[in-house]
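Undergrad: let me see the structure of the following:
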Amino acid sequence: MAEDEPVDREALLQQLAELRATIDPEILKRVQQKVANPGSEPYDKKAARQIVEQFLAARYDNGAFARRLMEELARTQDDRTQDDDTRNDT
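TA: Down below sits the predicted model:
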């Protein structure tokens, strides 16, 4: 579909309904709950942390990658904080 073509809303809704019918209802329910609660973590934070720690421990660069990763995470967090501050100002 090209960008300038009109969107057939009814056809898209039909396609969504067909796709939805193929999804396991329990999984769909979990996804809907996660979307309804955007502040919740969609993964096991403890397990993710352990995997990252194992990955970093296996690297042979005297911690250079870990430092870069931490700097990037801090910068990303600062960007998110600034974005939140900007949204709250409006």
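Undergrad: rest of the way, CA atoms for contacts and neighbours
TA: Fine.
Undergrad: show me where pLDDT drops low in this structure?
TA: For the chain, the stretches flagged by pLDDT under 70 are 1-4, 40-42, 83-90.
Undergrad: outline the domain layout of it.
TA: Taking automatic domain parsing as the reference, the chain has its domains at 7-40, 43-90.
Undergrad: now do the longest one: distance to the chain's middle.
TA: When you say that, I think you mean domain 43-90. In terms of CA atoms, centre = their mean, to the nearest Å, the centre of domain 43-90 is found 14 Å from the chain centre.
Undergrad: report the longest helix in this structure, please.
TA: Longest helix in the chain by number of residues (criterion: DSSP state H): helix 64-89.
Undergrad: helices and strands around it, which ones?
TA: Using 3 or more CA pairs under 8 Å, 6 or more residues apart in numbering; DSSP states H and E as the contact test, no helix or strand touches helix 64-89.
Undergrad: tell me how far residue 17 lies from residue 25.
TA: 13 Å (CA to CA, to the nearest Å).
Undergrad: what does residue 61 give?
TA: With the distance defined as CA to CA, residue 61 ends up 46 Å from residue 25.
Undergrad: and residue 72, by the same measure?
TA: As judged by CA to CA, residue 72 and residue 25 stand 38 Å apart.
Undergrad: same check on residue 50?
TA: Going from residue 50 to residue 25 by CA to CA gives 31 Å.
Undergrad: C-alpha coordinates for the helix or strand in which residue 31 is found, PDB please?
TA: For residue 31, the host element (DSSP states H and E) is helix 25-36. What follows is helix 25-36 as a C-alpha-only set of coordinates in PDB (Å, rounded to 0.1, in the frame of the first residue of the first chain):
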ATOM      1  CA  PRO A  25      -6.800 -15.900  24.400                       C
ATOM      2  CA  GLU A  26      -4.600 -16.200  27.500                       C
ATOM      3  CA  ILE A  27      -1.700 -14.500  25.700                       C
ATOM      4  CA  LEU A  28      -4.000 -11.800  24.400                       C
ATOM      5  CA  LYS A  29      -5.300 -11.200  27.900                       C
ATOM      6  CA  ARG A  30      -1.700 -10.800  29.300                       C
ATOM      7  CA  VAL A  31      -0.800  -8.400  26.500                       C
ATOM      8  CA  GLN A  32      -3.900  -6.300  27.100                       C
ATOM      9  CA  GLN A  33      -3.100  -6.100  30.800                       C
ATOM     10  CA  LYS A  34       0.500  -5.000  30.000                       C
ATOM     11  CA  VAL A  35      -0.800  -2.300  27.700                       C
ATOM     12  CA  ALA A  36      -3.300  -1.100  30.300                       C
END
